[in-house]
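Undergrad: Fold the following.
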Amino acid sequence: MEPIIEIQKLSKTFGSGDSRVEALQDVTLAVQPGEIFGIIGLSGAGKSTLVRCINLLERPDVGKVLFHGKDLTELKPKELRMQRRKISMIFQSFNLLDQRTSLDNICFPLELAGVSKKDARKRAMELLETVGLPDKAGAYPVQLSGGQKQRIAIARALASDPEVLLCDEATSALDPQTTDSILKLLQQINRERGITVIIITHQMSVIEQICHRVAILDAGVVAEIGQVEKVFSNPQSKAGRRLVTPDTALPLSAWEGPVARIAFNGNMSEEPIIATVAVELGIKLSILGADTRNVDGKAFGTMLVSLPEEQQDRKKVLDYLNNHDGVTAEVIQ
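TA: All right, here's what the predicted structure looks like:
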């Protein structure tokens with residue numbers, strides 16, 4: 001299947017001389033039609049720059065941005081505007097027009113597209129129903145909660161009937177309960193309308209809850225791409241391992257001696273694996289930190305343990321763990 005969005009060897013730099021910042025470096029990734037694709041990284045990783053390059057709000061210095069195989073960077077302004085209608089965006093700060101009601105905010109992109117007032121209002125009311133706020137048509141942004149503002153922003157983004165919805169930290173300003181409701185709404189839109197959703201976030205819980213695949217961005221470079229459950233259960237990059245390391249065990253420098261990271265999937269996450277090591281090998285391990293996550297309805301766990309100082313015993317433990325299906329263990333310190 002041809003990707004709906006494909007980024008090829010994209011780089012973006014800001015400033016010059018001593019203030020030069022390489023925000024993105026040789027980024028390559030592809031998003032398939034109809035999937036929910038996550039891009040995650042720590043602050044300053046280049047996530048927001050990347051999402052703004054997808055619809056050319058930021059122009060890359062080099063590289064291509066393909067939409068249905070067509071390079072957006074080569075389009076003339078009028079052609080680019082037409083393509084942008086198919087790639088909508090929602091923001092952390094909602095970006096609603098304060099002097100317009102909810103209905104009028106949703107109508108705004110339709111007005112720009114030349115849709116008649118009557119048809120625009122009809123379409124806007126349908127979208128208010130979609131996002132669950134038909135009673136807020138006459139409300140102004142100041143009268144809405146954060147979650148309601150984001151729902152109106154989503155409705156406005158859907159007004160142009162897009163094929164792709166870009167979400168730039170769309171839930172980071174919301175409380176956990178509201179975040180959950182917005183993510184469920186995005187899932188519903190993806191499922192019922194077939195819209196491809198690209199989510200930019202620093203929150204692992206967001207990726208875990210709704211994304212099919214994820215790319216980990218680290219200092220402007222794609223460190224890893226894969227199915228969410230595979231990346232989170234057994235990350236192959238340092239950036240990925242940092243993201244899934246239990247917070248309770250940080251910083252690692254506080255622990256003396258060798259430390260192992262154990263990852264286990266839904267088949268093993270509830271098994272008493274550490275107790276089994278003690279019984280069968282006669283080697284006791286200290287748990288430094290542990291975390292369990294639900295990814296696509298399956299439980300995945302990550303655990304940090306202190307390993308024996310003796311190399312022979314350490315090898316016994318690692319071999320034992322790695323010989324269990326669904327378990328991987330590696331020394332990280």
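Undergrad: In which helix or strand does residue 109 reside?
TA: helix 102-112 (DSSP states H and E).
Undergrad: how many neighbours does the spatially closest residue to residue 167 that is not a sequence neighbour have?
TA: The shortest distance from residue 167 to any non-neighbouring residue, by C-beta to C-beta, 6 or more residues apart in numbering, is to residue 199 (4.7 Å). Yep, even glycine has a C-beta here, placed from its N, CA and C like the rest. Other residues lying near residue 199 total 27 when counted by other C-beta atoms under 10 Å.
Undergrad: would you say residue 115 is within a helix?
TA: No. Under DSSP: H, G, I helix; E, B strand; the rest coil, residue 115 sits outside any helix and is assigned coil.
Undergrad: Around it, how many other residues sit close by?
TA: For residue 115, the tally of surrounding residues (other C-beta under 10 Å) stands at 18.
Undergrad: Check the spacing between it and residue 122 real quick.
TA: 10 Å (C-beta to C-beta, to the nearest Å).
Undergrad: list residues touching both of those two?
TA: Common neighbours of residue 115 and residue 122, using C-beta atoms under 8 Å, 6 or more residues apart in numbering, do not exist here.
Undergrad: just checking, the residue nearest to residue 167 is part of a strand?
TA: Yes. Checked against three-state DSSP, residue 199 lies within a strand.
Undergrad: what's across from it in the sheet?
TA: As for beta bridges, residue 199 partners with residue 38, residue 167 under DSSP bridges.
Undergrad: After the helix holding residue 109, which helix or strand is next?
TA: helix 117-130.
Undergrad: Not counting that following helix itself, show me its contacts.
TA: Identification of contacts with helix 117-130 by C-beta under 8 Å, 6+ apart yields 102-104, 106-107, 110-111, 115, 134, 136-137, 155-156, 158-159, 189.
Undergrad: so what's the residue located most distally from the centre of the chain up against?
TA: What lies farthest from the middle of the chain is residue 282; by C-alpha atoms, centre = their mean that is 42.0 Å. Under the criterion of C-beta under 8 Å, 6+ apart, residue 282 has no contact partners.
Undergrad: For it, what are phi and psi?
TA: Per-residue torsions, residue 282: phi 70, psi 30 (degrees, to the nearest 10).
Undergrad: Then residue 162 would be within a strand, right?
TA: No. Read with three-state DSSP, residue 162 is coil and lies in no strand.
Undergrad: Identify the residues contacting it.
TA: Residue 162 touches 85, 86, 87, 88, 195, counting by C-beta under 8 Å, 6+ apart.
Undergrad: One more: residue 90?
TA: Contact analysis of residue 90 by C-beta under 8 Å, 6+ apart lists 150, 153, 154, 157, 165, 166, 167, 168, 170.
Undergrad: Next, the fourth one: secondary structure please.
TA: To tie it back to what came earlier, the one meant is residue 157. helix.
Undergrad: Residue 79 and residue 317: what is the separation?
TA: For residue 79 relative to residue 317 (C-beta to C-beta), the value is 60 Å.
Undergrad: Please say which of those two ends up with more neighbours.
TA: Neighbour count, other C-beta under 10 Å: between residue 79 and residue 317, residue 317 has more, with 21 against 12.
Undergrad: Can you give me the distance of that one to residue 241?
TA: Residue 317 is 19 Å from residue 241, by C-beta to C-beta.
Undergrad: what does residue 259 give?
TA: 12 Å.
Undergrad: So for those two, which residues contact both of them?
TA: Common neighbours of residue 259 and residue 241 (C-beta under 8 Å, 6+ apart) are residue 332.
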